[in-house]
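> For reference, the sequence and a predicted model appear below.
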Amino acid sequence: MKLQLSLALLLLATCLTTAAESLQKAPARKAAAPGDWRPKVRQVGDPNANYLNVEFTASGKYMVWFEGLADGSDNGIVWHCGVNPQTGDLIPPDGRGFRAFESTSWGRANPGCDKLGDYYVGTDRAGRLLLVRPKGPAQGEVTLLATPPDPRRRAIYPTNLPSQAGGFVFFIQNERTPGAGTRANQNNWVELQYISLADPSSARAIERQDTPPVGFAPMDIGFARWMRNRPIVTFGALAAPSGKVEVRAFDAGQPERGVFDLINDGHDKIDPYPAAIGDFEYVMAGIDATATSHIYRRPAGQPADAPFVLFRTLFPTGSQLATPSLAQSHEPFVLNGRLYTTYQVNNRGRNFFDTTFRQPGEIWLVDLSANPVEQWLIAPDIPGLVAEPEPLLTAEGGAWVFYNRPVGEGALFEGRREARRNPAGSGWLRRRFRYSKGAAATQASPRFALFRADIPARAE
């Protein structure tokens, strides 16, 4: 397994090198004309707050977020607040509505839903799993789940199953040390586990993966996620014999069948997002750590292991970035009967953190119902740092796209470094998905301000 992981990293680095060479040979892409549509963008919330992991509940009524502390630690506070469906304003304006519990950036909460409505699940600093049901912008009901506490858990995600009672929660369990699931952090393996909310007293294993000597396990590259509206979790896994990080899955509604390969087409999948929407089910993923995304599709309601086919291929044509890379953070939604997604790309940096949060980025809106697809640049107006797009439908038939803008000492990017365009090479990918415990301890983390782009009912 160690050899396979190293091979996967080298193969992915080769893809990145080829992509970089293609960008250098390709003609310059034409920028959007000045008269093209642009969203109205405004900062929301407390301009001095640190808005991490902003997520909206399935109903759209609440924003769940993690306020990182300014002490340089991983500690913070999980909050939820209301959202005005007419204006997009937070209730209360700074987002500090209901103070749910103290947590860490690794155990922060994510929202789910069931027949009873919205809820969210995370861990406190002792590793206890907590479920919170919002009862208003500043009210909530906190339930301590019976799962034995463990601070090594991270990446906690509940299901979105609005037609049934209860659901499931998955998390990734580190071998030894809380925090990053890497060899540098003394974790030789990570394990994807889940609980049933009908009986949360014990966790059940889905798959264990070895961590490579440098970088992350496949389930952290093809990041694990529940399919929206089905109890199917997708995650990255090495495929034989290619060694690519492909998409594997597990159906919590039929656990006896075990894991199964879902998409295997010879590409590394970055942050795949699965969703059942209307008549189809989709998986949206960045490809080979480039700026290209693949949108896969199959008819809805088929067996969990039914094949997906390629539906659309995206590239941010008109990007103003010198070396656009790492398409990620797809968030699909339906607006006036049309399927859209938002996603993020960034200039290629030294590693994941540097690329995603320290390099200039762009957030794009895509009409997937159009063929060929139509795309609009949402942010920024001028080259700068943007991250984590989160769409939310308005009461007036439009949409908002909330996103973060890293600010402060830890958000500085160096144009001179990017301009060198060190043409990848096999070592770049190893740095790309790399975590260094020593570097993390000495490198300042940026503060994340919150912005909102207003999207009309049809972007023209």
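Structure received. Residues are numbered from 1 along each chain as shown.

> ranges for the strands of the stretch 151-300 of the chain?
153-158, 168-174, 189-196, 199-210, 225-226, 232-238, 245-251, 260-263, 269-277, 280-287, 293-299 (DSSP state E, counting those that start in this stretch).

> do the same with the stretch 301-450 of the chain
309-314, 324-335, 338-347, 361-367, 374-379, 387-393, 399-407, 447-455.

> So which of the strands of the stretch 151-300 of the chain is nearest residue 329?
strand 269-277 (6.5 Å; C-beta to C-beta). For every residue, glycine as well, the C-beta is placed using N, CA and C.

> helices or strands up against that closest one?
With contacts taken as 3 or more C-beta pairs under 8 Å, 6 or more residues apart in numbering; DSSP states H and E, strand 269-277 sits against strand 225-226, strand 232-238, strand 245-251, strand 280-287, strand 324-335.

> and that strand, how far from the chain's centre?
In terms of C-alpha atoms, centre = their mean, to the nearest Å, the centre of strand 269-277 is found 10 Å from the chain centre.

> likewise stretch 392-406?
Per C-alpha atoms, centre = their mean, the centroid offset for stretch 392-406 relative to its chain is 17 Å.

> Just the CA atoms of that stretch, as PDB, please.
What follows is stretch 392-406, C-alpha atoms only, in PDB (Å, rounded to 0.1, in the frame of the first residue of the first chain):
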ATOM      1  CA  LEU A 392     -28.200  29.800  -0.900                       C
ATOM      2  CA  LEU A 393     -31.500  30.400  -2.700                       C
ATOM      3  CA  THR A 394     -33.400  33.700  -2.100                       C
ATOM      4  CA  ALA A 395     -37.100  34.100  -1.500                       C
ATOM      5  CA  GLU A 396     -37.300  36.300  -4.600                       C
ATOM      6  CA  GLY A 397     -36.200  33.600  -7.100                       C
ATOM      7  CA  GLY A 398     -32.500  34.400  -7.200                       C
ATOM      8  CA  ALA A 399     -29.500  33.100  -5.200                       C
ATOM      9  CA  TRP A 400     -26.600  34.300  -3.100                       C
ATOM     10  CA  VAL A 401     -23.100  32.900  -3.100                       C
ATOM     11  CA  PHE A 402     -21.400  33.400   0.200                       C
ATOM     12  CA  TYR A 403     -17.700  33.000   0.300                       C
ATOM     13  CA  ASN A 404     -14.600  33.700   2.400                       C
ATOM     14  CA  ARG A 405     -11.800  36.100   1.800                       C
ATOM     15  CA  PRO A 406      -8.700  35.300   3.800                       C
END
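
> which of the residues in that stretch are buried?
392-394, 398-406 (16 or more other C-beta atoms under 10 Å).

> I'd like the distance between residue 306 and residue 297.
Spatial separation of residue 306 from residue 297 under the definition C-beta to C-beta, to the nearest Å is 11 Å.

> One more: residue 92?
Counting by C-beta to C-beta, the gap from residue 92 to residue 297 is 40 Å.

> Of the two, which one has the most company?
residue 297 (19 against 14; other C-beta atoms under 10 Å).

> Quick one: end-to-end distance for stretch 134-154.
One end of stretch 134-154 to the other measures 22 Å (C-alpha to C-alpha, to the nearest Å).

> for stretch 218-225, that is, sorry about that
Note: stretch 218-225 ends 13 Å apart using C-alpha to C-alpha.

> contacting residues around the residue nearest the centre of the chain?
Taking C-alpha atoms, centre = their mean as the criterion, residue 329 is the residue nearest the geometric centre of the chain, at 4.4 Å. Residues counted as contacts of residue 329 (C-beta atoms under 8 Å, 6 or more residues apart in numbering) are 271, 342-344, 387-389.

> could those residues go into CSV alongside neighbour count and pLDDT?
As requested, the contacts of residue 329 are exported to CSV (neighbours: other C-beta atoms under 10 Å; pLDDT from 0 to 100):
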residue, neighbour count, pLDDT
271, 21, 97
342, 25, 98
343, 27, 98
344, 27, 97
387, 20, 92
388, 25, 95
389, 24, 97
